[in-house]
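Asks: All I have is the shape, not the residue letters:
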C-alpha cells in the first residue's frame, strides 16, 4: 500500500486520474490489518483480492465516499451504501482507495467533466486518455494501483486500456449483475 500511495502522490497531480482519495493513514491501517489476517489465519481464510488496492470509477456508489458521477449535480453526494459491484470487491478482500475520473454520467469517449477537469494521457500529456474509464486506465498505466474497476457499454474500458497499454476486460452482458435480483 505504501508504494501505491507514494506513486499516487508523485504522479496523480500531473494526470488527474484519481479524483477522490481516501485518507492515507486509514488505508495503511487497512493494509496492515489485511496482512495480520493473512499471517494469523492463512491464505485459505482470505478472498482472491485480499489486501489489493482498488480504484472505483466515479459512477459506482460507495458508502461514505463521495460519488459525483462526474456531474455538478452530484458534486457533494455521499451514498449510504455500496453498489453491488463495490460490495463484491470488498467481499473479495480488496481495499477501496478512492474514485477514478469519468466523463459526466460516463457519457463520452474523453475523460473530463466540470467537477474534476480532464484526465491526461501519461505517455503524452497533450493527448487524450480516452474514456469513459480513462481515470481507471491512467491509474493502472501509472502504477497507482494494481486493479481498477471500470464499466463499458461501447468501448469505455477497452478504448482507454488500448491507448494506455493496460488490460480492460469487458465481461459479457448479464454475467455481472447491476442490481441484486428481486
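Replies: Noted; the coordinates are in hand. If you're wondering where the values come from, they're calculated on a predicted model, not measured in any experiment. Residues are numbered from 1 along each chain as shown.
Asks: Run through the helices of this structure in chain order.
Replies: Taking DSSP state H as the test, the helices found in the chain are 2-15, 24-41, 84-91, 134-141, 158-164.
Asks: okay, those, which one's buried deepest?
Replies: helix 134-141 (a mean of 32; mean count of other Cβ atoms under 10 Å). Just so you know, the C-beta spots here come from the backbone N, C-alpha and C atoms, and that holds for glycine as well.
Asks: List the contacts of that one.
Replies: By Cβ atoms under 8 Å, 6 or more residues apart in numbering, the residues outside helix 134-141 that reach it are 12, 15-19, 55, 57-58, 99-102, 110-111, 119-123, 128-130, 145-150, 157, 160-161, 163-166, 168.
Asks: Of those, just the buried ones, ChimeraX syntax please.
Replies: Provided next is the ChimeraX selection string for whichever of the contacts of helix 134-141 are buried by 16 or more other Cβ atoms under 10 Å:
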select :12,15,16,17,18,19,55,57,58,99,100,101,102,111,119,120,121,122,128,129,130,145,148,149,150,157,160,161,163,164,166,168
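Asks: Looking at the contacts of helix 134-141, which are in strands?
Replies: Among those, DSSP state E puts 18-19, 55, 57, 99-100, 147-148 in strands.
Asks: Low-confidence ranges, the protein, go.
Replies: For the chain, residues meeting the criterion pLDDT under 70 lie at 178-182.
Asks: Widest-spaced pair of the ones in strands among the contacts of helix 134-141?
Replies: Spatial extent of those (Cβ to Cβ) is set by the pair 19 and 147 at 17.6 Å.
Asks: residue contacts, residue 81?
Replies: Residues in contact with residue 81 (Cβ under 8 Å, 6+ apart) are 61, 63.
Asks: mind checking how far it is from residue 61?
Replies: With distances taken as Cβ to Cβ, to the nearest Å, residue 81 is found 7 Å from residue 61.
Asks: Name whatever forms a beta bridge with residue 95.
Replies: Beta-bridge pairing for residue 95 (DSSP bridges): residue 53.
Asks: isn't residue 142 right up against residue 4?
Replies: No. Contact criterion Cβ atoms under 8 Å: residue 142 and residue 4 do not qualify, at 10.3 Å.
Asks: Out of the ones in strands among the contacts of helix 134-141, the closest to residue 77 would be?
Replies: residue 99 (11.5 Å).
Asks: With residue 137 as the reference, measure out to that closest one.
Replies: Residue 99 is 14 Å from residue 137, by Cβ to Cβ.
Asks: How about residue 7?
Replies: For residue 7, the distance to residue 137 - Cβ to Cβ - is 15 Å.
Asks: Residue 102 too?
Replies: The value you get for residue 102 to residue 137, if Cβ to Cβ is used, is 11 Å.
Asks: returning to what we had before: with distance to residue 87 added, can I get the ones in strands among the contacts of helix 134-141 in a markdown table?
Replies: Converted to a markdown table, these look like this (distance: Cβ to Cβ, whole Å):
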| residue | distance to residue 87 |
| --- | --- |
| 18 | 21 |
| 19 | 21 |
| 55 | 16 |
| 57 | 15 |
| 99 | 16 |
| 100 | 18 |
| 147 | 16 |
| 148 | 17 |
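Asks: Nice, that's everything, thank you.
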